[in-house]
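Chemist: Next input, structure requested:
(4 chains)
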Protein chains: 2
Amino acid sequence: MALDLFERHGYAATTVDQIAAAAGITPMTFFRHFPTKDAVLVTDPYDPLIAESVAAQPEALRPVERVRRGLLAALGEISAAEDATARRRVALVATSPALRAAVVAGTEETQAAIVERLVTGGCPRLDAAVAASACLAATTTALLAWGSEPEDVTLAELVRRALDQLAPVGSAS
Amino acid sequence: MALDLFERHGYAATTVDQIAAAAGITPMTFFRHFPTKDAVLVTDPYDPLIAESVAAQPEALRPVERVRRGLLAALGEISAAEDATARRRVALVATSPALRAAVVAGTEETQAAIVERLVTGGCPRLDAAVAASACLAATTTALLAWGSEPEDVTLAELVRRALDQLAPVGSAS
DNA sequence: CCCTCACATGTTAGTGACTAACATTGGCGG
DNA sequence: CCGCCAATGTTAGTCACTAACATGTGAGGG
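Modeler: Reported below is the predicted structural model:
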């Protein structure tokens, strides 16, 4: 599949024509299944779950803390869905600027979802956007790092460690 | 110039050919001056300054706090360089996913510079990357928000407010 | 059993960002 | 005045992605 081609020749050096040929379809058909070349590797089905999870945290918390706890709470269900190729995909994404950009573009939607929930909870929009973007950046950084970690390191572990850095001093997790 | 075209027709709808024609040059020549279309709007001359500023903060601080203070310290010199078109550029960047992606790609270099300084100070690489990405995300969010703020709101003000959210509880700035 | 409708796929042709190889100009020191 | 270097132009190509239209194939109803 496409993943193999990317790993062999690099993401940029692999053309959509090659992927399509390897899959026995036309380039046209490829674009009917995936809106962009990078969509083969980068997907983002968790937005609603995460937004819910953030909204479920106590409104009294400061925005960063609310988002942080929301992400940690969502983490269980998400990392359970880690399939076998997840790490390979992530490792690949980490190697290409274009792919990293695609990931960030994807998280923009997650960020927007979180911001909406925070704003309806009375949080000023700027503060909400800052809290969401900072926490998601930390999470994304952990995700990308995970790709080059040894097999036995879990994603949840890294994300937890990342988000702990944004916790109020003295209180871990 | 290109900025006017972008504002009139939108970034995506403005082709490099049009920009080149408006400037009285060939598309080819355009690409000799700017590596990409987005480079007209997105530039990043501050990396070394910021990295220095981060390194100048006490090593004893937690990584996030060190980066945070470093960014705040660098803020003075940077926002002094705000020229007249800065706000227009930022407002434009905020409107286009492709341009926001370009900004993020640009910050990756800044992040890398910061991480190097933190790592040589004894900070684990993951923690350094997380701290840098979170603080830079907060800063970038403030920057983008600035584009749609009223004239009298300064960039420094917004960035300060953004970074204050990542400060240890109870201590502002 | 055939017909038809719908949907997945193919075909062709184009646009726009970017690149490489090579030609051309223009000013400036010798 | 000559040659040299740098900036610019020319041509032709690659690759991601799109639009308009054609084809084929399978499922369901007559």
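Chemist: From now on I want contacts and neighbour counts done on CA atoms only, so please keep to that.
Modeler: OK.
Chemist: Neighbours of the residue lying closest to residue A:55 once chain neighbours are set aside, how many?
Modeler: In this structure, residue A:55 finds its nearest non-sequential neighbour in residue A:117, 5.9 Å apart by C-alpha to C-alpha, 6 or more residues apart in numbering or on different chains. Using other C-alpha atoms under 10 Å in any protein chain shown, residue A:117 has 18 neighbouring residues.
Chemist: Check residue A:162 too.
Modeler: 26.
Chemist: which SSE is it in?
Modeler: Taking DSSP states H and E as the criterion, residue A:162 maps to helix A:155-164.
Chemist: now do residue A:149
Modeler: Using DSSP H and E, residue A:149 sits within no helix or strand.
Chemist: Please apply the same query to residue A:166.
Modeler: Per DSSP H and E, there is no helix or strand for residue A:166.
Chemist: I'd say it and residue B:166 touch.
Modeler: Yes. With contacts counted by C-alpha atoms under 8 Å, residue A:166 reaches residue B:166, the gap being 6.8 Å.
Chemist: Common neighbours of these two, please.
Modeler: Both residue A:166 and residue B:166 are in contact with A:64, B:64, where contact means C-alpha atoms under 8 Å, 6 or more residues apart in numbering or on different chains.
Chemist: Quick one, grab the pLDDT at the closest residue to chain B within chain A.
Modeler: Using C-alpha to the nearest C-alpha, the closest approach of chain A to chain B is made by residue A:134 at 4.3 Å. pLDDT recorded at residue A:134 is 98.
Chemist: quick one: it from residue A:19, how far?
Modeler: Per C-alpha to C-alpha, to the nearest Å, residue A:134 is found 35 Å from residue A:19.
Chemist: follow-up on the earlier one: which residues sit against the helix holding residue A:162?
Modeler: Contacts of helix A:155-164 (C-alpha under 8 Å, 6+ apart): A:68, A:72, A:75-76, A:79, A:135, A:138-139, A:142-143, A:146, A:172-173, B:126-127, B:130.
Chemist: one step back: so what does whichever strand or helix holds the residue of chain A closest to chain B touch, helix or strand wise?
Modeler: Here residue A:134, judged by DSSP H and E, is contained in helix A:125-146. On a contact count with 3 or more C-alpha pairs under 8 Å, 6 or more residues apart in numbering or on different chains; DSSP states H and E, helix A:125-146 meets helix A:63-80, helix A:86-95, helix A:97-120, helix A:155-164, helix B:125-146, helix B:155-164.
Chemist: Which strands or helices does the third one pack on?
Modeler: What it means is helix A:97-120. Packed against helix A:97-120, as judged by 3+ C-alpha pairs under 8 Å, 6+ apart, are the following elements: helix A:47-55, helix A:86-95, helix A:125-146, helix B:97-120.
Chemist: Please identify the deepest-packed of those.
Modeler: helix A:125-146 (a mean of 25; mean count of other C-alpha atoms under 10 Å in any protein chain shown).
Chemist: Need the per-residue pLDDT for the residue most central in space within chain A.
Modeler: Closest residue to the average C-alpha location of chain A: residue A:140 at 5.5 Å, with C-alpha atoms, centre = their mean. We have a pLDDT of 97 for residue A:140.
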